[in-house]
Every structure is written in structure tokens, then in C-alpha cells.
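**Student:** Provide a 3D model corresponding to the input given below.
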Amino acid sequence: MVTDYNMCATMPTVNIFRMGTQSNRDKTNLNDLINDDATKIILQNAGLTKIYEKEQISCIIVTIESLKLLCNLLFNSVKVQQSQVLISSLPYLIDRIKNYMTHDSYDVKLFDVRILFLLTALNTSTRDIIKTDLYGDVYLIKIIEEFAAQNQNSEVITEETAKEITIVCEVLKVLFNLYIHSDDIGVVDQEKYKNLVLILYKLLTLKYSVQQDDLESHIVNLLTVIPFSCYTSIIQTNSKDCKDVYQNMDMSAICVLLRFLDKRLECKTHLLENFSPIITALVRLVKSERLVRKYIRLQILPPLKDVMNRPEEGTTLRAKLCKLLTSPITELRDLVAELLFVLCKENVSRMVKYTGYGNAAGMFATKGLLGRNQAETAYSSESEDSETEEYQKYKERINPVTGCFEHSKPNPLEGMTEEQKEYEALKLVNLVNKLTKEGVVRPCRIGDDGKPEPIEHVLELQNELPKQQFGRKDSDSE
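**Tutor:** Next comes the predicted model:
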């Protein structure tokens, strides 16, 4: 194999490379520089103009540089992203990926997959071509399946393994793009997704620490687009060396996801980007797998013992998530509320017990759960938790709004005459009415749909009070 760049690079190739270098510095006229002939030259030098043969790559340096150039052009040029010449090369690219050998160039593999990622991200029409017409997802899954099988019981990280993990991460990114709208599937596809989840289970339980965060992050992203019916393989029958067992099932992968959540919850910036994928993945898992929901609930909402502190105080997963229930980021707040609500089997009283009514009120209002009657849920009626001694001891002194024990406070009306009480009450009514007229606050009552609706005058609340007293049911039995 020739390795001297000067010996194997033709003059047109050199000119194309110069154009690529210029495109890095000046993107203004990039679309004017690129035409079909130039694209064909790049594809030819990248080895993407015919079906893959073992001796096809005669000059590895030219191939790699051409692939790098393609990545650069794809990233910066809409014209290249939509290029029919480039799209017509996809069968050759998929064929090369299909025939990868262990000793093949790492750089060729890396940039092959990156080209697929950029194309599927920036030109969504290529997703169906790659997945449906070329079965590209099958060959990509094969790459990560082989890696998982070869490294399942290995703890020694080599330079070669680190490179393979990088390629696995790139493959996971492409699969995310291909499966981003995948809930409507047939029986054959269902088996494919279940097998993919099994592979993700194996990847999550690898014993490597190198690039662990990147690998877990891409796995989490992919879990957010797996169809609901295909998560079964994320837990396996208990094996001898498994430490995280629940009801005779291996929960190792779930433990990894919970640790990943805990790490992400420490982030102080880019909250939505950091929190949303893992919380979305957990919501989908707990909705689809009953055993996963029960196990995750024990980790996030264990039987309640700490009743002296507010739910959002502390460093537990419960505390960190409860803090987010009042986040100004609506999408994040709703995601966290959904996770906790499902863990509570969508039971309002139980949600109040673990989070405090003040933290959960926003979600209750959005879902129309402020009314007295709650619709039946699809969850089993068995209890997954009994009240602890600590909870039973202080139960009557727990404020449902704050979610914690409160010491007795003196009655502010004590010592007042009836006339004084009436005076203070009218004074309060007038103040609230003034705030209402000025648009500072909008008093509401609970409508028939269980959602708040504005009222014209604060006195309208008087008739609503008797039927809107919040009934507490602290037991976790349904």
C-alpha cells in the first residue's frame, strides 16, 4: 500500500484539498466553489464511487483527507448537504461500513460514520434512504454489537479500545438520527429494537472508565427514541456476579443510568441540555417497564423517613429533583414532574406526600388535578411502600404544602375580639381586591376540569372553600 501523499495525490485532488483548506478560513463563497465535478473528485479519492473491495483504498492518506474534507464541506455547505451526487454515494459508503475488518484504518471508520451523522442530521431525507433502502442501521448495530461482545468482561483499556469506543459513540449518534421518529413499528423492527436495547445494556455495564461519560450520554440519547414496547432487555435475569438485584433481576444498567442522572444534576449551566435526555429516558423506562418503575422508585422515592426537612432540601436524588419542580424552565420542570408523578403511580396524594403540595401545584394545575376526584390510573393496586415509623410518628404535624414537619405556632387571632377579627378579614379582602384590580394577582377557583379559572371578585372564593379542602391520603396503598 502506498503511503507517500505526494506519490498518490493527483493534481485535481491537490486543488480540491486547497479549496477545502480555504473553506475552513472563508465560508462566504463556499457554495460557489463546490460543484458536482468537484464533489465527484472528492468522492473518488474517498473511495466512495464503487462497491467496496479490499484493495480499493490504494492511498490511505488521500482517502482520509478526502473524508475529512467531506465532513468539513457537509458541516458548512447547504449545497453539499443537498447534493444528489453525494447522496448517490451512500450505497458505497454503507457497503464499506458493512465490510469493516478489525485491522481497517481507524480514521477511515471514524470519518465514514461522521459523514453519516452529518448527513442524517443536516439532510433528514437521507434517513429513510439509509435505514429503509440500504439497511444501514443494521450494519451500524452490528459494529456496536461486536464491540460489546468482545469487551463485556474486559477491564483493561488499551489505546485500540479507546479508539473503538470513539467509533461506538459516533455510531450511537447516527442511530439516534435514524430512529428519532420510530414509535410506529412492525414485528420485525420490534425485534431489532429489543436486540439494540440488549446491546445498550451491555455497553452500560462495561467496566471501562475511559470516555465513560460520553458513551453513557450517547446511550441515554438513543434510549429516548426507542419505542415504548422495546425496553424489556434493559434488565436481565440475575447472574452470579451481579450486585444490583431486584426481584431476581439484574438492575445494573438502571443503576448506571441513575448514577448518570445524579452526576448530571450537579451541573449548574445548560440545565435543559444536561438534564432533559436522562430524565426523558427514565420517564420512558418507568412508563414501559413495571419492574423498572418499582426499582427506580425505591432509589428516588424510598419509604419516607426524613420528615424534618423540606423535600427539596438535601443532596438525595429526591431533593435534587424536587428543587427542579419550581424551575423557571418550563420544559425541564414538566419533565421532572412527569417522572416523579409516574413513580407515585400518578396518585396526587402520594405525590404531595413526597414532594409537598407547593412544589407539585404547578403540575396539578397543568394536568387538571386540582379537583376533588381523581380518575382511575392503569397501575396495579398493590402497595409498593409502607409508612415508616418516623412518618407515622409525625404524620399529623406534617404540613402538606411544605411537605415537612412544622412546630406549633401561636394563633395570630388569639386574644382578638370578634369585631377585630372581622375588621382584619375585611382589610385582607380589600387588599386582595386592590391587587386584583391592578392586575398584580389573579385570584382563581378550581373549575370542573380540575384547572384554575380566574374569578371577578375575591368574595367568590367563599362559596368554593368547603368543596376545595384538600383531602389527604398518606398511605401508599391504592
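
**Student:** Quick check: Lys395 touching Glu387?
**Tutor:** Yes: counting by CB atoms under 8 Å, Glu387 is a contact partner of Lys395 at 7.5 Å. (C-beta placed from N, C-alpha, C; glycine too.)

**Student:** pLDDT below threshold where in the stretch 251-400 of the chain?
**Tutor:** Residue ranges of the stretch 251-400 of the chain with pLDDT under 70: 371-378, 380-386.

**Student:** just so I have it, where are all the strands in it?
**Tutor:** 398-399 (DSSP state E, counting those that start in this stretch).

**Student:** Show me which parts of stretch 255-263 are buried, residue by residue.
**Tutor:** By 16 or more other CB atoms under 10 Å, the buried positions in stretch 255-263 come out as 255-258, 260-261.

**Student:** Okay, and which of the residues you listed map to helices?
**Tutor:** If you go by DSSP state H, these have 255-258, 260-261 in helices.

**Student:** Would you tell me which one of these comes nearest to Ile115?
**Tutor:** Phe260 (28.8 Å; CB to CB).

**Student:** Tabulate the ones in helices among the buried residues of stretch 255-263 (JSON lines), appending distance to Ser209.
**Tutor:** Converted to JSON lines, those look like this (distance: CB to CB, whole Å):
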{"residue": "Cys255", "distance to Ser209": "16"}
{"residue": "Val256", "distance to Ser209": "12"}
{"residue": "Leu257", "distance to Ser209": "17"}
{"residue": "Leu258", "distance to Ser209": "18"}
{"residue": "Phe260", "distance to Ser209": "14"}
{"residue": "Leu261", "distance to Ser209": "18"}
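
**Student:** so which of those comes closest to Tyr201?
**Tutor:** Among those, and counting by CB to CB, the member closest to Tyr201 is Val256, at 9.5 Å.

**Student:** Find the nearest non-adjacent residue to Cys255, please.
**Tutor:** Asp244 (4.5 Å; CB to CB, 6 or more residues apart in numbering).

**Student:** How many neighbouring residues does the one you found have?
**Tutor:** 18 (other CB atoms under 10 Å).

**Student:** Could you pull up phi and psi at it?
**Tutor:** The phi/psi pair for Asp244 (degrees, to the nearest 10) reads phi -100, psi 90.

**Student:** Let me know the distance separating it from Asp32.
**Tutor:** Using CB to CB, to the nearest Å, Asp244 is found at 58 Å from Asp32.

**Student:** same check, this time on Leu134
**Tutor:** From Leu134 to Asp32 the distance is 31 Å (CB to CB).

**Student:** Who has more neighbours out of the two?
**Tutor:** Taking neighbours as other CB under 10 Å, Leu134 and Asp32 compare with Leu134 leading, 19 against 8.

**Student:** burial of Ile235, as a residue count?
**Tutor:** Neighbours of Ile235 (other CB under 10 Å): 23.

**Student:** if you skip the residues just before and after it, what's nearest to it?
**Tutor:** Met249 (4.8 Å).

**Student:** On the three-state scheme, Leu184 is what?
**Tutor:** Residue 184: Asp, not Leu. coil (DSSP: H, G, I helix; E, B strand; the rest coil).

**Student:** quick one: it from Arg397, how far?
**Tutor:** Asp184 is 51 Å from Arg397, by CB to CB.

**Student:** Between these two, which is the more surrounded one?
**Tutor:** Arg397 (12 against 7).

**Student:** For the residue lying closest to that one once chain neighbours are set aside, name its beta-bridge partners.
**Tutor:** Excluding its sequence neighbours, the residue lying closest to Arg397 (CB to CB, 6+ apart) is Phe405, at 5.3 Å. On the basis of DSSP bridges, Phe405 is bridged to Ile398.
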